[in-house]
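Asks: the following comprises the amino acid sequence and a computationally predicted model.
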Amino acid sequence: MILFNTKGRRLQEFKSIKEGEVGMYSCGPTVYGRAHIGNMRAYVFADTLKRVLMYAGYKVNHVMNITDVGHLTSDADEGEDKLAKAARESHETAWEISKRWTEQFFKDTKSLNVLPVTTACKATEHIADQIALVQKLEEKGYTYRTSDGIYFDTAKFPHYGDFAHLDIEGLQAGIRVDMSEKRNKTDFALWKFSKPTEKRDMEWDSPWGVGFPGWHIECSAMSMKYLGEKFDIHTGGIDHVTIHHTNEIAQSECATDHTFVNYWIHCEFLTMSNAEKMSKSLGNVVNIDTLREYGIKPLAFRYLCLNAHYRKQLLYSKEILMGANNAYNKWCAFMDKLKEENPKMLPLNQLSEASVKYLDEFKQGIFNNLNTPQALATMWNLIHDKNINNDEKYTLLMEFDKVFGLTEVEAEKPAEVEIPAEVLDLLDQRNRYRAEKNWAQADAARDAIKAKGYTIVDTKEGSKLQKI
RNA sequence: GGUCUCUUGGCCGAGUGGCUAGGCGCUGGUCUGCAAAACCAUUUACUCCAGUUCGAGUCUGGAAGAGACCUCCA
């Protein structure tokens, strides 16, 4: 399979370090608040990549961090701690805040059919690993101490700017950079000291004094702990290329003296039109619950993500989301109808030539740098193809869904609601009027039922009620 | 200021030289007492200019416009 590697900025044939196995690390959430659908795109992407790797036959060891240590709100290594801020605002401890939002994060990703990761690791539970890594860097002479922490000296890593194509000169000539006591513009904190005047919810003892780890070190420490000093794939949002991943590479490769990660795969942003720009201050941040309020299934959002390539910015608006929801609902309806006919799952080697063509086209799409839009096009063409029988269609669609992950899990389906007796009475009335061909009265009954919040759908088996 | 990306039909969005992407929406049709759903059909395209080529949405150069990151948001 072909993947676009940010390292080198080119398409590359993927080859794992260990035959048949893939070690993959995904930058996870910072749990000081509810993740919005923009965040979710990145996790749907990582999940899709994992599913494609699994489809290709790899056993995937997937590790994701939970950033539950408070970091800083503004400027490089300055400002108030985000978790502390959230905690202060809701009168909770940082621990309570991070616990709540971590749980919510997993609920949200689950509703998007994101498969559980092999290991989800919390930064707060790996403080010793992070300290050990900083110590290793210290022993090798890559660090220095300032009044507020231990810093990484990026001048000692000659290839620092290579990954992100950084023009260090340009950065220095650019706008506002707070150097404080840093030796180089690009240096970053490995360990921060607690201020003597404050008592933090989260702080730990270390060889350098009480404090907390810098942001970047957790990913290096935990990824290497669970995947080894060198592993296959590291994913994250495109915004992490310049700083976070550049720093991860610097500290990891200086610690080990060899390549840290072979393939860096980054997901583009979900962007908002200006009219619908989300902002926390306006209170219009769209999250999974917002979708539900709109009457949009979370998985319709997954469909939306799959319908665009992960390396392209994806425009978000309510209208666009509604379109994806319509398409997704049609797919669900088609699958339901198909299942009612009790199709047989066929072994793939018994498929007709025409079906094999669809399967090949599907694989061609997903293995070509995750071209899921093309794979979805293949799916729709298959659905509309009259020359493929239901058994084969079902077999192929279930096969495709191993990657798409669009099948709604039972728990997400809305519970059957009791229909009020009065509505059932009205339905009886309408049926009698219809039998008498009294259309005016029948339509009046329909309107009355609609006013109660139900719509009538006439089928061959009779009239059915649906909640609006 | 630096780095990078994008510009496809009403909307979203694939497509790296020649062949229908696909979805949503619209419209028409079939079906239905009506409606809904479903199915069928149909419509609209490659920002502009110049170049390369037998041939370009696809390559090259230029122009205009949009966006992202450098501000610990994926």
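Replies: Thanks, I have the structure now.

Asks: and the residue in chain A that RNA strand B sits nearest to, how many neighbours?
Replies: Scanning chain A for proximity to RNA strand B using C-beta to the nearest atom of the strand identifies residue A:237 as nearest, at 1.0 Å. The way it works is simple: take the backbone N, C-alpha and C, and place the C-beta from them, glycine included. Neighbour count for residue A:237, taken as other C-beta atoms under 10 Å: 21.

Asks: for the closest residue to it other than its chain neighbours, give me the pLDDT.
Replies: Counting by C-beta to C-beta, 6 or more residues apart in numbering, residue A:42 is the residue found nearest to residue A:237 once chain neighbours are left out, at 4.9 Å. Listed pLDDT for residue A:42 reads 94.

Asks: interface residues of the stretch 251-400 of chain A facing RNA strand B?
Replies: Proximity of the stretch 251-400 of chain A to RNA strand B, by C-beta under 7 Å from any atom of the strand, involves residues A:267-271, A:274, A:304, A:307-309, A:312-315, A:319-320, A:322-324, A:326-327, A:329-330, A:333-334, A:371, A:373-374, A:376-377, A:380-381, A:383-384, A:386.

Asks: at 6 Å what do you get?
Replies: The stretch 251-400 of chain A has residues A:267, A:269-271, A:307-309, A:312-315, A:319-320, A:323, A:326-327, A:330, A:333-334, A:371, A:373-374, A:376-377, A:380-381, A:384 near RNA strand B, with proximity defined as C-beta under 6 Å from any atom of the strand.

Asks: surely the residue of chain A closest to RNA strand B touches residue A:267?
Replies: Yes. Counting by C-beta atoms under 8 Å, residue A:267 is a contact partner of residue A:237 at 5.7 Å.

Asks: give me the common contacts of those two.
Replies: By C-beta atoms under 8 Å, 6 or more residues apart in numbering, residue A:237 and residue A:267 have these common neighbours: residue A:42.

Asks: the bottom helix or strand of chain A by mean pLDDT?
Replies: strand A:72-74 (a mean of 43; mean pLDDT, DSSP states H and E).

Asks: of the residues of the stretch 251-400 of chain A next to RNA strand B, buried ones?
Replies: Taking 16 or more other C-beta atoms under 10 Å as the criterion, what is buried in these is A:267, A:270, A:307, A:308, A:309, A:314, A:320, A:327, A:371, A:374, A:376.

Asks: give me the number of neighbouring residues for residue A:244.
Replies: Neighbours around residue A:244, by other C-beta under 10 Å: 17.

Asks: and the residue nearest to it when sequence neighbours are not counted, what does it touch?
Replies: With sequence-adjacent residues excluded and distances taken as C-beta to C-beta, 6+ apart, residue A:244 is closest to residue A:216, at 5.9 Å. Shown in contact with residue A:216 (C-beta under 8 Å, 6+ apart): A:188, A:190, A:244, A:247, A:248, A:251.

Asks: again with residue A:269
Replies: A:38, A:41, A:237, A:238, A:239, A:313, A:314.

Asks: who touches the top helix by length along chain A?
Replies: As assigned by DSSP state H, the longest helix anywhere in chain A is helix A:318-340. Here helix A:318-340 makes contact (C-beta under 8 Å, 6+ apart) with A:276, A:291, A:294-297, A:299-301, A:303-304, A:307, A:383, A:390, A:393-394, A:397, A:406-408.

Asks: can you rerun that using 7 Å?
Replies: Contacts of helix A:318-340 from elsewhere in the structure, counted by C-beta atoms under 7 Å, 6 or more residues apart in numbering, are A:276, A:294, A:296-297, A:299-300, A:303-304, A:307, A:383, A:390, A:393-394, A:397, A:406, A:408.
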